[in-house]
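> Build the 3D model from these lines:
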Amino acid sequence: MKKLMLTTAALALTTGFAMADTVRLGTEGAYPPYNFINDKGEVDGFERELGDELCKRASLTCEWVTNDWDSIIPNLVSGNYDVIIAGMSITDERDEVIDFTQNYTLPDPSAYLAASAGVDVKTGVIAAQTGTIQASFVAESGATLVEYATPEETVAAVRNGEADAVLADRAFLAPIADDDAALELLEQMELIGGGVGLGLRESDAELKATLDGAIQSMKDDGSLNALIDKWEIGVTF
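Sure, this is the predicted structure:
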């Protein structure tokens, strides 16, 4: 693991971005309301609106790229796109490999979705998406962690009895609970991570500074809070 991380970090130092080029925004497209693919086959959601507005304010030409979550950091480093905008929480472990802008959301409470209110999340089998802050939290909590590649698979694991509950961002789980009477959000929530930011290669300091300025301008004029409220992401700044 350490060898892989060092190799990835070395690549990040050598793969750069020219500010005159088109900025490619990489997202998962499978984590509503942050990002998802709509009926037209287009990237949609909170981060689609946010990314488009940031590019407009920064006078950047941008295009959207989708990528599976489990390889989203390696493919940023290898140059398949220039920015991760995919509901990625800022953590010390990730920051060793890539760089982050300032956060564009505050930490969203992580919630448990279960088939029964009587689930003991401290000793039960808890599903989480691979490579997420929730998976790391469960692994260290004493509960039994089962990992899945996609958010949909974690919820399916609860429905079919493979897991007692799933731990994920409350903004993702709440609409599922509203639509499925057989599932419910537990009262217990966890506050983990440092909020969500844009991920960039370590070598792209100029692009980071440009996007940081655009994020700050949206915080200053209240438009970022308006987007957070619109998509019911969590608490505002």
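
> So what does residue 97 have for phi and psi?
For residue 97, the backbone dihedrals are phi -110, psi -40 (criterion: degrees, to the nearest 10).

> Packing partners of the longest helix seen in the chain?
Across the chain, the longest stretch assigned as helix under DSSP state H is helix 205-221. The contact analysis (3 or more C-beta pairs under 8 Å, 6 or more residues apart in numbering; DSSP states H and E) places helix 205-221 against helix 46-57, strand 99-105, strand 196-200, helix 223-231. C-beta: built from backbone N, CA, C; applies to glycine.

> which residues touch residue 115?
158, 159, 161, 164, 182, 183, 184 (C-beta atoms under 8 Å, 6 or more residues apart in numbering).

> For the longest helix of the chain, what is the distance to the chain centroid?
19 Å (C-alpha atoms, centre = their mean, to the nearest Å).

> May I see the buried residues of that helix?
Across helix 205-221, burial judged by 16 or more other C-beta atoms under 10 Å covers 207, 208, 210, 211, 212, 214, 215, 218, 219.

> can you check stretch 103-120 too?
103-108, 110-115, 119.

> sorry, back to before: from the buried residues of helix 205-221, which is closest to residue 46?
The closest of those to residue 46 turns out to be residue 218 (C-beta to C-beta; 12.4 Å).

> hang on, that closest one packs against residue 57?
Yes. Using C-beta atoms under 8 Å, residue 218 is in contact with residue 57, at 7.3 Å.

> Roughly how far does residue 66 sit from residue 27?
Applying C-beta to C-beta, to the nearest Å, the value for residue 66 to residue 27 is 6 Å.

> tell me, what's touching the two both at once?
In contact with both residue 66 and residue 27: residue 43, using C-beta under 8 Å, 6+ apart.

> which one of the two has more residues nearby?
residue 27 (28 against 16; other C-beta atoms under 10 Å).

> Could you double-check that that one lies in contact with residue 76?
No. If you go by C-beta under 8 Å, residue 27 and residue 76 don't touch, sitting 11.1 Å apart.

> what touches both of these two?
residue 84.

> In the chain, mark out all the helices, start to finish.
2-14, 46-57, 72-77, 92-95, 133-141, 151-159, 170-179, 205-221, 223-231.

> looking at those, which has the lowest confidence?
For the helices of the chain, mean pLDDT drops lowest on helix 2-14, to a mean of 39.
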